[in-house]
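Peer 1: please find the sequence and the predicted model below.
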Amino acid sequence: MMPSPSASDHDQPVSASTPRDIRAALVGEEVAHFDREYRRAMADAAESLDLSGVVSMLKRWQRIAWSTQDDPDAHRHMLACADKLNAGGDVTAEPWRQTKARLGL
């Protein structure tokens, strides 16, 4: 008999998405990062008999997959900017006030 789901968001299932669905939505190096982290989380779960780390990892990657699916080009641009910043480069930015005005906020 399976326990009834908790009302807490922390205990809710990831969703109907499977690890395969999440992985398929990722781009570039994210796929390899997901694969490594998924294997590590599953190995840890096998040792500890605790799936909470796997669920947490899948929820985090699901948000990344949603971001990618929402606007793949913007997501790729964000990744390129992050790589450039991590390498010590500069990226074009605009003041928050200008961004809010552009977005109508």
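Peer 2: Sure thing, it's come through.
Peer 1: use CA for all of it now, contacts and neighbours both
Peer 2: Will do.
Peer 1: what sits up against whichever strand or helix holds residue 24?
Peer 2: Element membership of residue 24 [criterion: DSSP states H and E] is helix 19-25. With CA atoms under 8 Å, 6 or more residues apart in numbering as the test, helix 19-25 has contacts from 31, 34, 35, 58, 61, 62, 65, 66, 68, 69.
Peer 1: and of those residues, the nearest to residue 85?
Peer 2: Closest approach to residue 85 among the contacts of helix 19-25 (CA to CA): residue 68, at 19.8 Å.
Peer 1: dump the residue contacts of the closest one.
Peer 2: Contacts of residue 68 (CA under 8 Å, 6+ apart): 25, 26, 27, 74, 75, 76.
Peer 1: can you do 10 Å?
Peer 2: Taking CA atoms under 10 Å, 6 or more residues apart in numbering as the contact definition, residue 68 lies against 25, 26, 27, 62, 74, 75, 76.
Peer 1: give me the pLDDT for it.
Peer 2: pLDDT recorded at residue 68 is 86.
Peer 1: report the separation between it and residue 94.
Peer 2: 23 Å (CA to CA, to the nearest Å).
Peer 1: in stretch 59-69, which residues are buried?
Peer 2: 59, 61, 62, 64, 65, 68 (16 or more other CA atoms under 10 Å).
Peer 1: just the ones of the residues you listed in helices?
Peer 2: 59, 61, 62, 64, 65, 68 (DSSP state H).
Peer 1: which non-adjacent residue is nearest the third one?
Peer 2: In this structure, residue 62 finds its nearest non-sequential neighbour in residue 22, 5.8 Å apart by CA to CA, 6 or more residues apart in numbering.
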